[in-house]
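K.L.:
one predicted model, sequence on top.
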Amino acid sequence: MGGTVVEIGLAAEEFALSETTDRFDDLEYEIERVVAHDTDHVMPYVWIDGPSAGDVEDALEGDDSVAEIECLADLEEERLYRMDWVAQIDTLVQILVEEEGAILSAEGNGDDWRLRILFPSRDALSRTHDYCEDRGLSMDIYTIYNVDDGRKGRFGLTDGQQDTLVSAYDAGYYEIPRDTSMTDLAEEIGVSHQALSERLRRGHESLVENTVIIGTER
């Protein structure tokens, strides 16, 4: 079983919808799901948050990466579209289908796309990276973790950081008011006050970086 999940970044101009993005300053995308029919044809379902529906649809119809579009839901501030994608995404789609990779989530804006992809193995990820690099598609890797590592791996925590955060939570350290002090918690865990402080800060940093920050413009 198992598998490898990677969170990557792609420049907007190297992936889908770049021409549409160029026409607006505040357009944001979130892919609901992607259906791959073959190595050069995928049908993504995309939420778009931005200008009026008419302006967006005019841009999409003129985008070389879009063959067809259909609006499935209009919630005024955001709309759900089913699209047929072609052109720019061929490179990535071909290797994902070949390596049995699955796009778990994807978000985009004017600068880049952030994708979370599940691969059956680390080797499949490595081959995908090399394939894209050889064809001029730059792929920035932010996080890699094994599915077997569960949430610990996804959130970038070391064993020590995870154990410390769980112990702090169980001891009521995050309650208001706190049920335990850092001194008492350090003694319970068996580390110095300074070591506990650093481990908590690094654990908090990893959690924020791999949850709140990923996919945001900053």
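P.N.:
Right, received. Where do you want to start? Numbers count the residues shown, from 1 in each chain.

K.L.:
rest of the way, CA atoms for contacts and neighbours
P.N.:
Will do.

K.L.:
where do the domain boundaries of this structure fall?
P.N.:
4-149, 155-213 (automatic domain parsing).

K.L.:
which of those is buried the deepest?
P.N.:
Among those, the stretch with the highest mean neighbour count (mean count of other Cα atoms under 10 Å) is domain 4-149, at a mean of 17.

K.L.:
averaged pLDDT, that one. What do you get?
P.N.:
Mean per-residue pLDDT for domain 4-149: 82.

K.L.:
make 83 the first number, not 1, from now on.
P.N.:
Noted, 83 is the first residue going forward, which turns the last one into domain 86-231.

K.L.:
how far away from the center of its chain is it?
P.N.:
Once both centres are worked out by Cα atoms, centre = their mean, to the nearest Å, domain 86-231 turns out to sit 11 Å from its chain's centre.

K.L.:
same question for stretch 257-274.
P.N.:
34 Å.

K.L.:
what's the first-to-last distance across it?
P.N.:
22 Å (Cα to Cα, to the nearest Å).

K.L.:
how about the strands in the protein?
P.N.:
Under the criterion DSSP state E, the chain contains strands at 86-93, 110-120, 123-131, 148-156, 160-167, 184-190, 194-201, 222-228.

K.L.:
could these be laid out in TSV, adding distance to Ala253?
P.N.:
TSV is the format used below for the strands of the chain (distance: least, Cα to Cα, whole Å):
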stretch	distance to Ala253
strand 86-93	32
strand 110-120	38
strand 123-131	41
strand 148-156	46
strand 160-167	42
strand 184-190	35
strand 194-201	34
strand 222-228	28
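
K.L.:
ok, now how distant is the closest residue to Ile226 other than its chain neighbours from Tyr224?
P.N.:
Closest residue to Ile226 apart from its sequence neighbours, by Cα to Cα, 6 or more residues apart in numbering: Val88 at 4.5 Å. Distance, Val88 to Tyr224, by Cα to Cα: 8 Å.

K.L.:
please apply the same query to Asp205.
P.N.:
Applying Cα to Cα to Asp205 and Tyr224 gives a distance of 17 Å.

K.L.:
for Val248, same thing?
P.N.:
25 Å.

K.L.:
how about Val138?
P.N.:
30 Å.

K.L.:
alpha carbons of stretch 278-285, as PDB, please.
P.N.:
Listed next in PDB are the C-alpha coordinates belonging to stretch 278-285 (Å, rounded to 0.1, in the frame of the first residue of the first chain):
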ATOM      1  CA  LEU A 278      10.700  22.400  24.900                       C
ATOM      2  CA  SER A 279      10.300  26.000  23.900                       C
ATOM      3  CA  GLU A 280      12.300  25.500  20.700                       C
ATOM      4  CA  ARG A 281      10.400  22.200  19.900                       C
ATOM      5  CA  LEU A 282       7.000  23.900  20.300                       C
ATOM      6  CA  ARG A 283       8.000  26.900  18.200                       C
ATOM      7  CA  ARG A 284       9.400  24.700  15.400                       C
ATOM      8  CA  GLY A 285       6.300  22.400  15.500                       C
END
